[in-house]
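> I would like to see how this sequence folds:
(chains A and B)
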Amino acid sequence: MLTDLEKKIIALLQTDIPVVKRPFLEMAEKIGISEERFLKVLNDLNDQGMIRRFGATIKHQKSGFKANAMVAWKVDEDRVEKTGNIMATFREISHCYRRNPAPGWEYNVYTMVHAPDEKQCHAIIEKISQAVGEKKYTLLFSRQELKKTSMKYFEN
Amino acid sequence: MPLLDETNKKILNTIQLDFPIDPRPFKKIAKKLDLSEDELLDRIKTMKDEMLIRRIGGNFVPDRLGYHSTLCAAMVEQEKIDLFTQTVNSYSGVTHNYRRDHNFNIWFTFIAPSMEIIQKSLKEISVKTGVKTILNLPATRVFKISANFKV
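Sure thing, here's the model as predicted:
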C-alpha cells in the first residue's frame, strides 16, 4: 500500500517539473518536506518499478513523426507470444499488446507505429508483416487528436 | 536559430529517458551534454514554450498504483462525433482519445481505480450519447511500451 506522502509525491510528479535549478526543492516545499526526503521517496518509487519512465514527454508530431498508425492484427493464439516478442523488437513500434477480441472485432494483437509519413508507416508494417508471417491486419491512421493528457492519480 | 538544432535534438534524446533524480538534475544533464546549466534551462524553457516538450515528469504503471486501464473503441456516426468526444473527454480517466480512419472511428484509453468503474462509465457514455457500440479491450499481455522518440 502506498503511504499518503507517496501519493502526494506521485500526484506532484504527474504535473510538470519546474524548469529551475532545484526543481525537487520547489516541489518538496509545496508539500512541506525536505528536498532530501522528496528525492528519497522518488528513488524508492523508482526502485519498486512504480515509474514506467521519468523524463520529458515530447510532442512527437512536432518532432518529425507526423504519421501514427494503430495496427490491429489477428494472430492465432498459439503464435501470439512469439509474434508479440518479435514485433516488440522493431524500433518503429512504440507499443505492442495482446487484447481479447470482441464481438464484431476479431483482432487480438495491437501495435503502434510511428513514422515521418503514411507511406513509410505502410512500408514498416509490410516489413513487420513479413518478419512475423502474419497477413491478417487492419491499419487505423489517427486523423485527429481529440484528447492527450497524462493520468492524474491520487488527485485532491 | 532553428528550434530543432543539433543541440536541442541531443537534449530531447537525453531528457526523455535519463532525467536524473538528483538535487541539481539540469546541472547533471548540462555537464553530460557539455553545456552550461543556464543555457540548458533556457533551451528547455523555449522548447516548452514552443510546445515541443509537453511536460517533464513521471509516467506511472497504473496497475502498480492499484489502477486498471483499458482501450475502448466506438463506432460513432458522423453527426454524433462532437457530442461523443465531449462526453468521453469529460472523464478524467480518459487520457488519450483519437479519431481514426475506420468503422470503429473513435479510440480512447480509460484508467480508473477498478474495471467496474470503467464499465459503468462506458454504459453512462452510451446512454448520454446514444452510441451503442463501445468495445472494452483491456490488455492481457504487454510486449512493449516505449514512448520515447529519437529525434
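> same question for stretch B:34-43, mean pLDDT?
Stretch B:34-43 carries an average pLDDT of 97.
> chain center to it, what's the gap?
When distances are taken as C-alpha atoms, centre = their mean, to the nearest Å, stretch B:34-43 is centred 27 Å away from the chain's centroid.
> Please apply the same query to stretch B:12-32.
21 Å.
> so how far is the first residue of it from its last?
13 Å (C-alpha to C-alpha, to the nearest Å).
> May I see the buried residues of that stretch?
Judged by neighbour count using 16 or more other C-beta atoms under 10 Å in any protein chain shown, the buried positions of stretch B:12-32 are B:12-16, B:19-21, B:23-30. The way it works is simple: take the backbone N, C-alpha and C, and place the C-beta from them, glycine included.
> what bridges to residue B:55?
Under DSSP bridges, the beta-bridge partners of residue B:55 are residue A:57.
> Can you name the residues that contact it?
A:15, A:16, A:17, A:56, A:57, A:150 (C-beta atoms under 8 Å, 6 or more residues apart in numbering or on different chains).
> packing partners for the helix or strand that contains residue B:136?
If you go by DSSP states H and E, residue B:136 is part of strand B:134-137. On a contact count with 3 or more C-beta pairs under 8 Å, 6 or more residues apart in numbering or on different chains; DSSP states H and E, strand B:134-137 meets strand B:68-74, helix B:115-129.
> can you redo those as a markdown table with mean pLDDT and mean neighbour count?
Listed next are these as a markdown table, based on pLDDT from 0 to 100; neighbours: other C-beta atoms under 10 Å in any protein chain shown:
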| stretch | mean pLDDT | mean neighbour count |
| --- | --- | --- |
| strand B:68-74 | 96 | 20 |
| helix B:115-129 | 97 | 15 |
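> closest to residue A:120 out of those?
Judged by C-beta to C-beta, the one of those that comes nearest to residue A:120 is strand B:68-74, at 24.3 Å.
> Compare the contacts of residue B:55 and tell me which is most surrounded.
Within those, residue A:56 tops the neighbour count with 25 neighbours, counted by other C-beta atoms under 10 Å in any protein chain shown.
> Now do the SS call for the residue nearest to residue B:32 when sequence neighbours are not counted.
Computed as C-beta to C-beta, 6 or more residues apart in numbering or on different chains, the closest residue to residue B:32 that is not its neighbour in sequence is residue B:14, at 6.7 Å. Using DSSP: H, G, I helix; E, B strand; the rest coil, the structure places residue B:14 in helix.
> related to what we said a few turns ago, closest to chain A out of the helices and strands packed on strand B:134-137?
Nearest to chain A, of all these, is strand B:68-74, at 6.6 Å by C-beta to the nearest C-beta.
> Turn the helices and strands packed on strand B:134-137 into JSON lines, including distance to residue A:91.
Formatted as JSON lines, those follow (distance: least, C-beta to C-beta, whole Å):
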{"stretch": "strand B:68-74", "distance to residue A:91": "23"}
{"stretch": "helix B:115-129", "distance to residue A:91": "32"}
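> ranges for the strands of chain B?
Assigned by DSSP state E, the strands in chain B fall at B:53-60, B:68-74, B:94-100, B:106-112, B:134-137, B:139-145.
> so where's the longest helix in chain A?
helix A:118-132 (DSSP state H).
> Which strands or helices does that one pack on?
strand A:67-73, helix A:77-88, strand A:109-115, strand A:137-148.
> Just put those in a markdown table and tack on mean pLDDT and distance to chain B.
Formatted as a markdown table, the helices and strands packed on helix A:118-132 follow (pLDDT from 0 to 100; distance: least, C-beta to the nearest C-beta, whole Å):
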| stretch | mean pLDDT | distance to chain B |
| --- | --- | --- |
| strand A:67-73 | 93 | 7 |
| helix A:77-88 | 97 | 4 |
| strand A:109-115 | 94 | 7 |
| strand A:137-148 | 93 | 4 |
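> Nearest to residue B:49, out of those?
When the helices and strands packed on helix A:118-132 are compared (using C-beta to C-beta), the closest one is strand A:137-148, at 18.5 Å.
> got the angle for that closest one vs strand A:67-73?
130 degrees (axes from the mean of the first three to the mean of the last three C-alpha atoms, to 10 degrees).
> Name the residues that touch strand A:137-148?
By C-beta under 8 Å, 6+ apart, the surrounding residues in contact with strand A:137-148 are A:61, A:67-74, A:107, A:118, A:121-122, A:125, A:129, B:54, B:85, B:88-89, B:94-102, B:104, B:106-108.
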